[in-house]
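# Fold the stuff below for me.
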Amino acid sequence: VGTPPISRTFIIDDGKPSGSYTAPAAAACAAAPGFDACVNTLPTLAGAVADQGNVDTQNTSIKNVRLRLKDNVPATGGQDYWNGSAWAAFGGASDILLATVPAGVNFNWSTATLAQGGMRDGVDYTLLLWGEDKAGNKETDENLMVQRSFVYDSRKPTAYLLHPSSGEVYLDLNTITGTA
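Numbering: from 1, shown residues only. Next up is the predicted model:
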């Protein structure tokens, strides 16, 4: 009588997970062409991360989902990443954990307390998203991470009426001019 053969099942996964945003939705920003949005508060982030290298559809291979908030016009040289409490040079604290397994590959995360007080009016920022799978594959190149750029606009617009002048009496009013 021989020893029965032993079999092992395993997956070789050398692909990096990919991600996408479902919120905030990309919307044209007339005040800043070339950006995905103009916002006056940081919205809730939502999206998904998928691991194309995982052939086991019954189990997720995503280990975690992470985010970076980058100031594209830093006020202080090199202090361009939010570390959870302040703007700082890039480091491990720049990678903010959004979700871990078993929460799954979908994420819904409020950014309301992320950096609201530390953001400057009229400055453009980029959210960088990526996932890491259980095999340790993750994107490390910011240029290849899923990006959402936006301009933070917290200042209320102002408008001025130039014509007609205050206190004047007119028979008819053909022209109204002003600035905004």
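# contacts and neighbour counts: CA atoms only from here.
Fine.
# Pull up the gap between S85 and S94, please.
10 Å (Cα to Cα, to the nearest Å).
# Show me which of these two is the more surrounded one.
Neighbour count, other Cα atoms under 10 Å: between S85 and S94, S94 has more, with 21 against 12.
# need the contact list for the nearest residue to the more buried one once chain neighbours are set aside.
Excluding the flanking residues, the one nearest S94 by Cα to Cα, 6 or more residues apart in numbering is N83, at 4.5 Å. Counting by Cα atoms under 8 Å, 6 or more residues apart in numbering, N83 touches 93-96.
# for L161, same thing?
By Cα under 8 Å, 6+ apart, the contact set of L161 is 176-179.
# so what's it bridging to?
Beta bridges link L161 to G178, judged by DSSP bridges.
# One more: E132?
N64, K138.
# which regions of the protein lie under the pLDDT threshold?
Scanning the chain with the threshold set as pLDDT under 70 gives 1, 31, 43, 53, 55-60, 101-106, 108-114, 116.
# give me every residue that touches the spatially most central residue of it.
Centroid check for the chain by Cα atoms, centre = their mean gives L127 as the closest residue, at 2.9 Å. By Cα under 8 Å, 6+ apart, L127 lies in contact with 67-70, 147-149.
# Over to G122?
151-154.
# mind listing what S20 touches?
Here S20 is in contact with 47-49, 129, 146 (Cα under 8 Å, 6+ apart).
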